[in-house]
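In: Predicted model and sequence below, questions to follow.
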Amino acid sequence: MVTLTENTQIIPNPGLLTVQTVEIASETTAIRCLDWDRERFDIEFGLRNGTTYNSFLIKGEKIALVDTSHKKFEQLYLELITGLIDPNEIDYLIISHTEPDHSGLVKDILQLAPAITIVGAKVAIQFLENMVHQPFKSMLVKSGDRLDLGNGHELEFVSAPNLHWPDTIFTYDYKTGILYTCDVFGMHYCDDQTYDENFYSIEADFKYYYDCLMGPNARSVLAALKRIEKLDIKTVATGHGPLLQHHICEWIEKYQTWSLEQAKTETLVAAFYAEDYGYSEHLVRNIAHGCTKAGVAIELIDLNSAEPQEVTELVAQAAGLIIAMPPQSSATAQAALSTILAAVHHKQAIGLLESGGGEDEPVYPLRNKLQELGLTEAFPPVLVKEPPSQTIEKLCDEAGTDLGQWLTRDRTIKQIKSINSELEKALGRISGGLYIITTKKGEIQSAMFASWVTQASLNPLGVAIAVGKERAIESLMQLGDRFVLNVLAEGNYQGLMRHFLKRFPPGADRFADVKTYPAGNGAPILADALAYIECEITSRIDCGDHWIIYSTVQSGRVADINALTAVHHRKVGNHY
């Protein structure tokens, strides 16, 4: 175990997990678990700077632990806690939310301190009951509730649902001015520096994190910001990355600006799910992630707790609806479905899924009612009976993208028509080759027809590819991912081009009836390609509606040395 003070430096090594303790205020200790080389965090995160898991110990007359850590830190974390304090002296364990990277050691803490009282939102306590499978003392809290630890440490709780977990709460300590926010205002960034001294070195990671986790719930972000505006915040104690102290106003202003921009987006999708039922929320979040690729705003709503007026107003504003079928036994959820049916209108698009809880409300009667009312089905119902696999998750992501693209089709056409005609023609004179990108990760494989490809460096050998943010393959093109660049041959590309340019339904096998063989990195090589190059992604640059994916080249081969690369000549430069 390595325990650090604020002034101690550490040199990261591959595979290294370390811990750090820092006194951040009076009687307040940050316990930071540093995961130096984690490369991926959920489907949407390719990490370039690892991550941290932060928890906190507050010692008043009574003692509170705020959050735990990831299960991978079990030995290091528990040794550190028992070195700092006798666990039986901890009175409260405050759970900011129950996502496993923060609550992964709750059961271990309960074993060390069985008399501890777990403090959290009602939904968090319900989740924990299903996670730890043992009785425990609990205290349910909501916005405005307070807990006095003594010695001036009076804690106030602030509800922040859907950021990005349904049970999220903030905790504010009036003595120290510390706001404990868990995921909110965090970032996946591993560094031995405790605070945000260097604004510009972490700004990109802060934005990337917001886009992936907070952006889809912009309205919930704005609601949470309003609840904390009266607080005198001296430190934001985040669950991931550095604590915020030097630039708090700037970070909060960025959340405000980005969320206002997102909330003003004219295209809104309302996604309804039944919290803690089947795979409802998990699948809806995958569909919502796909929607955001097409530039639409998402609002997630729990059918079990949403107020009828809230449902009515949201449905009236939404251009699209996603509904994960709730249990037939939930009267509250059934009433919410009736409210949705009463508020929908014929210009909306709809996507439905059975959530795999065992007693789902049947999807097809609701589907028929919605179609009778004139709504457009954006994708066929997703039926889930077993725990979601990577394939199902990807299907949901693609279904969400289809829904988003349907809703933004008029905006896309308007953008195509808006460019100056002479500029269109000039841009169209930039020619490119014809390529097919293929990739495989676990049980998922995908492909994309491409012409925006170029060699980008000689040392190391590298290529750059422009990938539209709405492309299905985009989530498989993260840092560290591997793919094959298949080069098409002049005079022998029409068949492959027709196949890979057609519109595939969500979850479809893009390689059906296409002859392939595996590359060394596992991705498919097209047998009819002129040449192939195996690549590994080392950086991504945000370029508006595209990512520029830069990759180093691992190996390659040419099938016919005398053949030429197929070339694509466009007439205009504002669309493919």
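Out: Thanks, I have the structure now.
In: what residues are up against residue 163?
Out: 183, 184, 214, 217, 220, 221, 224 (C-beta atoms under 8 Å, 6 or more residues apart in numbering). In this view, the C-beta of every residue, glycine as well, is placed from N, C-alpha and C.
In: out of those, who has the most neighbours?
Out: Counting neighbours by other C-beta atoms under 10 Å, residue 184 leads those with 28 neighbours.
In: does the closest residue to that residue other than its chain neighbours count as helix, strand or coil?
Out: Spatial nearest neighbour of residue 184, chain neighbours left out: residue 163 (5.1 Å); criterion: C-beta to C-beta, 6 or more residues apart in numbering. State at residue 163, reduced to three classes by DSSP: H, G, I helix; E, B strand; the rest coil: coil.
In: gap between residue 163 and residue 203?
Out: 20 Å (C-beta to C-beta, to the nearest Å).
In: low-confidence ranges in this protein?
Out: 1-15, 37-49, 265-266, 410-420, 573-576 (pLDDT under 70).
In: Just give me how far the longest helix along it sits from the chain centre.
Out: Longest helix of the chain, by residue count under DSSP state H: helix 390-407. On the basis of C-alpha atoms, centre = their mean, to the nearest Å, helix 390-407 sits 14 Å off its chain's mean C-alpha point.
In: Mind listing what's buried along it?
Out: 392-407 (16 or more other C-beta atoms under 10 Å).
In: Of the contacts of residue 163, which is the nearest to residue 539?
Out: Proximity of the contacts of residue 163 to residue 539 (C-beta to C-beta) peaks at residue 214, which lies at 23.2 Å.
In: Just to check, the closest one is in contact with residue 184?
Out: Yes. Residue 214 is in contact with residue 184 according to C-beta atoms under 8 Å; the separation is 6.9 Å.
In: Mind listing the shared neighbours of the two?
Out: With C-beta under 8 Å, 6+ apart, residue 214 and residue 184 have common neighbours 163, 221.
In: Contacts only, for residue 26.
Out: Counting by C-beta under 8 Å, 6+ apart, residue 26 has contacts 175, 176.
In: Try it again at 10 Å.
Out: 58, 59, 60, 151, 152, 153, 173, 175, 176, 178 (C-beta atoms under 10 Å, 6 or more residues apart in numbering).
In: Next, the closest residue to the first one other than its chain neighbours: phi, psi?
Out: Same thing as residue 58. Sequence neighbours aside, residue 64 is the residue nearest to residue 58 in space, at 4.7 Å (criterion: C-beta to C-beta, 6+ apart). Backbone geometry at residue 64, expressed as degrees, to the nearest 10, gives phi -130, psi 140.
In: who are the neighbours in contact with residue 64?
Out: 28, 56-58, 90-94, 116-117, 119, 147, 149, 153, 155, 171, 173, 180 are the contacts of residue 64 under C-beta under 10 Å, 6+ apart.
In: Residue 275 now?
Out: Per C-beta under 10 Å, 6+ apart, neighbours of residue 275: 123, 126-127, 161, 166-167, 281, 300-305, 326, 333.
In: Could you check which helix or strand contains it?
Out: Under the criterion DSSP states H and E, no helix or strand holds residue 275.
In: Please flag which of the contacts of residue 275 sit within helices.
Out: Counting by DSSP H, these contribute 123, 126, 127, 281, 333 to helices.
In: residues near residue 176, how many?
Out: Count around residue 176 with other C-beta under 10 Å applied: 18.
In: May I have the beta-bridge partners of the closest residue to it other than its chain neighbours?
Out: Leaving aside its chain neighbours, residue 176 sits nearest to residue 25 (3.8 Å; criterion: C-beta to C-beta, 6+ apart). Taking DSSP bridges, one finds residue 28 as the beta-bridge partners of residue 25.
In: For the closest residue to residue 367 other than its chain neighbours, list the residues it contacts.
Out: In this structure, residue 367 finds its nearest non-sequential neighbour in residue 352, 5.7 Å apart by C-beta to C-beta, 6+ apart. Neighbouring residues of residue 352 by C-beta under 10 Å, 6+ apart: 321-325, 363-364, 366-367, 370, 377-383.
In: For residue 240, state which of the contacts of residue 26 is nearest.
Out: Nearest to residue 240 among these, with distances taken as C-beta to C-beta, is residue 178, at 16.2 Å.
In: what's the distance between the residue nearest to that closest one when sequence neighbours are not counted and residue 243?
Out: Distances taken as C-beta to C-beta, 6+ apart place residue 235 nearest to residue 178, at 4.7 Å, with adjacent residues excluded. Separation of residue 235 from residue 243 (C-beta to C-beta): 6 Å.
In: Now the common contact residues for the two.
Out: By C-beta under 10 Å, 6+ apart, the residues touching both residue 235 and residue 243 are 24, 30, 178, 180, 195.
In: In the residues you listed, find the pair that's most separated.
Out: Greatest spacing in the shared contacts of residue 235 and residue 243, by C-beta to C-beta: 180 and 195 (15.2 Å).
In: Quick one: the helices in the stretch 351-500 of the chain, in order.
Out: Ranges of helices in the stretch 351-500 of the chain, per DSSP state H, counting those that start in this stretch, are 363-372, 390-407, 409-418, 421-428, 494-501.
In: which one of those lies closest to residue 271?
Out: helix 390-407 (9.0 Å).
In: Now that closest one - C-alpha only, PDB.
Out: The C-alpha coordinates for helix 390-407 follow below in PDB (Å, rounded to 0.1, in the frame of the first residue of the first chain):
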ATOM      1  CA  GLN A 390     -22.800  -6.200 -25.600                       C
ATOM      2  CA  THR A 391     -24.800  -7.000 -28.700                       C
ATOM      3  CA  ILE A 392     -28.100  -5.800 -27.200                       C
ATOM      4  CA  GLU A 393     -26.400  -2.700 -25.800                       C
ATOM      5  CA  LYS A 394     -25.000  -1.900 -29.300                       C
ATOM      6  CA  LEU A 395     -28.400  -2.500 -30.800                       C
ATOM      7  CA  CYS A 396     -30.000   0.000 -28.400                       C
ATOM      8  CA  ASP A 397     -27.300   2.500 -29.100                       C
ATOM      9  CA  GLU A 398     -28.000   2.100 -32.900                       C
ATOM     10  CA  ALA A 399     -31.700   2.300 -32.300                       C
ATOM     11  CA  GLY A 400     -31.300   5.600 -30.500                       C
ATOM     12  CA  THR A 401     -29.200   7.000 -33.400                       C
ATOM     13  CA  ASP A 402     -31.900   6.000 -35.800                       C
ATOM     14  CA  LEU A 403     -34.500   7.900 -33.700                       C
ATOM     15  CA  GLY A 404     -32.200  10.900 -33.500                       C
ATOM     16  CA  GLN A 405     -31.500  11.000 -37.200                       C
ATOM     17  CA  TRP A 406     -35.300  10.700 -38.000                       C
ATOM     18  CA  LEU A 407     -36.000  13.600 -35.700                       C
END
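In: Determine the set of other helices and strands touching it.
Out: Packed against helix 390-407 by the contact rule (3 or more C-beta pairs under 10 Å, 6 or more residues apart in numbering; DSSP states H and E) you find strand 268-273, helix 280-293, strand 320-325, strand 349-354, strand 376-377, strand 382-383, strand 444-450.
In: Which stretches in the stretch 1-150 of the chain count as helices?
Out: So, for the stretch 1-150 of the chain - with DSSP H, counting those that start in this stretch - the helices run 74-84, 100-103, 106-112, 122-132.
In: most packed of the ones you listed?
Out: helix 100-103 (a mean of 22; mean count of other C-beta atoms under 10 Å).
In: what angle separates the longest helix of the chain from strand 268-273?
Out: Angle, helix 390-407 to strand 268-273, by axes from the mean of the first three to the mean of the last three C-alpha atoms, to 10 degrees: 150 degrees.
In: does the residue lying closest to residue 520 once chain neighbours are set aside belong to a helix or a strand, and which?
Out: Among residues not flanking residue 520 along the chain, residue 534 sits closest, at 6.0 Å (C-beta to C-beta, 6+ apart). For residue 534, the host element (DSSP H and E) is strand 531-543.
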